[in-house]
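Chemist: no sequence for this one, just the structure:
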């Protein structure tokens, strides 16, 4: 089956009709209708074999990780998902691989409410780029630059799980067989991140800034601090840790991973103290827990890490996952 | 310099302020304003080292090829360019490479009137994906599916030049030194394709279908024929050939390359015969030549190749460039 037939067979059926799609897959461009009063938001993300996942990784897991990470950027803007495109570079036209990949991609797209509208397929080392498009009310949307002194620093869900999922893979030879259910949940956090779309929409009217945690809490909060020209204090013992993470490793390692592990794809956001009570009431009916882990300080404070009010260290803002850092990374 | 600093240094200065850009580079998503009455069109394209260009290719040439090919999809829709994103996978943080690449990318962006609004940088085998966004009047735009029996088949510019540019690289050891100016022009067609934006806009009110020639005239016209459920006749001796191509190779090879060479990024479009005279008058003042090379026939005719009215062969519709074809390709 040649390139065109492969694309037609496995991907064109993933798109479904929608009034917003004037022209979908199969023309030079997709043609899309942005509703009046809405702004377009978009983000592109890439996964590379050997950098983001091990060679031989199940194609369904690659698809769920790709889609989870990409759609998470829409969640961080408080956006509704709309459309996505896929640039797929493959060493060969491997039909079983494509079938499994496309099935998982389609399942994620349906779950996240986002439609495939185009793509490009090329031959080369396994590399996947997905661009996601979403919609926010014109001039609104959550950004990195609005945090103010005194705002609370909050995070959704639990942190460090994805880093533990990576550890399980890197130390596959010393894992118990069968793998305990808690470790399987950590792997799931690594391979099938859940973008916090409903959380992003819920906090959009309350939060002063927001980012998704892809490089680790310290690194990503650092982006908020730079964009907002402020500092912050993080309470290390208030970091939300899952039972699965606590079952896998000791408390200090768990907290280190929660601070700099990366790829949890939870939201980190700031809320003015005066708005917190109203938001907290809304969050009681929300299915994702939200924890307050710190406070925004003046820029001169930098990023302070504390244990019950005592400074434990002052890590650099660029700590966390970084592909090109000389020391490597995950 | 780490990943974030690299991105900031070389790419963030490529973006410039524009009322349409609510949030540009540096947040989780770019936030963009689509003017009322316009549809969004978008397309993603990938170049891979070893598949689309030889290892060691000058980074400036990679950037111009990437941008020319991607923006060409906007031209084929009759769209105005608006914004683009870049997903860059690099083996290492090579500063001289990045500096030269970014300079060429910026020059192309300015020339084509398109603004960088976001991207992703990862470590891995050299792979580049660019997604371009453009605007067309709502419900309008040129598509593949509108060709009707009796329409003229037209192409912009000259065909086969890019294929000759590839040949010059593949046979570098037998080229005259210094390379003649005509061969340099052919290399230029390969490395710096000129998207036919003004031609796309000019023909938008007249053409019944359009595509850009990336896979070769036969393959791309084949896409129009399938989408429009029609056939066509192409006059082989009417294919527009450049003087540079004629200086490089014999007439038969030149015509073969014009038919199936690929990556010329000229427009192939169809025009109802009744509209041709008005369009032709407009084209007299246009800086890109347009040639009529055939006619749309009923679907039963397939795709017929003729020399002065005599059939010369009936190539398969999927002839031309194809990454995953068993026989390889360019």
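Modeler: Structure's in. What do you need? Owing to the predicted nature of the structure, the values given are computational and were not obtained by experimental measurement.

Chemist: For stretch A:292-307, give the mean pLDDT please.
Modeler: Per-residue pLDDT over stretch A:292-307 has a mean of 95.

Chemist: quick one: contacts of it?
Modeler: Contacts with stretch A:292-307, where a contact means C-beta atoms under 8 Å, 6 or more residues apart in numbering or on different chains, come from A:147-155, A:217-218, A:221-222, A:225, A:228-240, A:259, A:270, A:276, A:311-315, A:317. To be clear about C-beta, it is placed using only N, CA and C from the backbone, and glycine gets the same treatment.

Chemist: at 6 Å instead, please
Modeler: Counting by C-beta atoms under 6 Å, 6 or more residues apart in numbering or on different chains, stretch A:292-307 makes contact with A:147, A:149, A:151-155, A:229-239, A:270, A:311-313, A:317, all of which sit outside it.

Chemist: How far does that stretch sit from its chain's centre?
Modeler: A distance of 23 Å separates the centroid of the chain from that of stretch A:292-307, by C-alpha atoms, centre = their mean, to the nearest Å.

Chemist: Could you list the buried residues of it?
Modeler: A:293-297, A:301-306 (16 or more other C-beta atoms under 10 Å in any protein chain shown).

Chemist: can you pull the pLDDT of the spatially closest residue to residue A:157 that is not a sequence neighbour?
Modeler: The shortest distance from residue A:157 to any non-neighbouring residue, by C-beta to C-beta, 6 or more residues apart in numbering or on different chains, is to residue A:266 (4.4 Å). Among the per-residue scores, residue A:266 holds a pLDDT of 98.

Chemist: what does residue A:24 give?
Modeler: On the pLDDT scale, residue A:24 is placed at 87.

Chemist: Tell me the spacing between it and residue A:79.
Modeler: Applying C-beta to C-beta, to the nearest Å, one obtains 20 Å for the distance of residue A:24 from residue A:79.

Chemist: Same question for residue A:89.
Modeler: In this structure, residue A:89 and residue A:79 are separated by 27 Å, where distance is defined by C-beta to C-beta.

Chemist: Between these two, which has more neighbouring residues?
Modeler: residue A:79 (32 against 27; other C-beta atoms under 10 Å in any protein chain shown).

Chemist: Around chain B, which positions in the stretch 101-250 of chain A sit nearby?
Modeler: Taking C-beta under 6 Å from any C-beta of the partner chain, the part of the stretch 101-250 of chain A that reaches chain B is made up of A:120, A:122-125, A:127, A:129, A:131, A:141, A:143-144.

Chemist: neighbours of the nearest residue to residue A:78 once chain neighbours are set aside, just the number please.
Modeler: Spatial nearest neighbour of residue A:78, excluding adjacent residues (C-beta to C-beta, 6+ apart): residue A:204 at 3.4 Å. Neighbour count for residue A:204, taken as other C-beta under 10 Å: 18.

Chemist: Also residue A:54?
Modeler: So residue A:54, with other C-beta under 10 Å, has 11 neighbours.

Chemist: Find the nearest non-adjacent residue to it, please.
Modeler: Across the structure, with C-beta to C-beta, 6+ apart as the measure, the residue nearest residue A:54 apart from its sequence neighbours is residue A:169 (6.2 Å).

Chemist: Sort out which residues of the helix or strand where that neighbour lies are buried, please.
Modeler: Assigned by DSSP states H and E, residue A:169 falls within helix A:161-170. Counting neighbours by 16+ other C-beta under 10 Å, one finds that the buried residues in helix A:161-170 are A:161-168.

Chemist: Now the element after it, going C-ward?
Modeler: For helix A:161-170, the succeeding helix or strand toward the C-terminus, using DSSP H and E, is helix A:181-191.

Chemist: For the residue nearest to residue A:54, give its distance to residue A:265.
Modeler: Going from residue A:169 to residue A:265 by C-beta to C-beta gives 17 Å.

Chemist: What's the end-to-end length of stretch A:263-278?
Modeler: Using C-alpha to C-alpha, to the nearest Å, the gap from the first to the last residue of stretch A:263-278 comes to 29 Å.

Chemist: Check for me that residue A:86 belongs to a strand.
Modeler: Yes: under the criterion used here (DSSP: H, G, I helix; E, B strand; the rest coil), residue A:86 sits inside a strand.

Chemist: Pull the contacting residues for it.
Modeler: Counting by C-beta under 6 Å, 6+ apart, residue A:86 makes contact with A:119, A:130.

Chemist: confidence score at it?
Modeler: In the prediction, the pLDDT value recorded for residue A:86 is 95.

Chemist: Return the set of residues that bridge with it.
Modeler: Residues found in beta-bridge contact with residue A:86 (criterion: DSSP bridges) are residue A:119, residue A:130.

Chemist: Where does pLDDT dip in the stretch 151-300 of chain A?
Modeler: Per-residue confidence for the stretch 151-300 of chain A (pLDDT under 70) gives no ranges below the cut-off.
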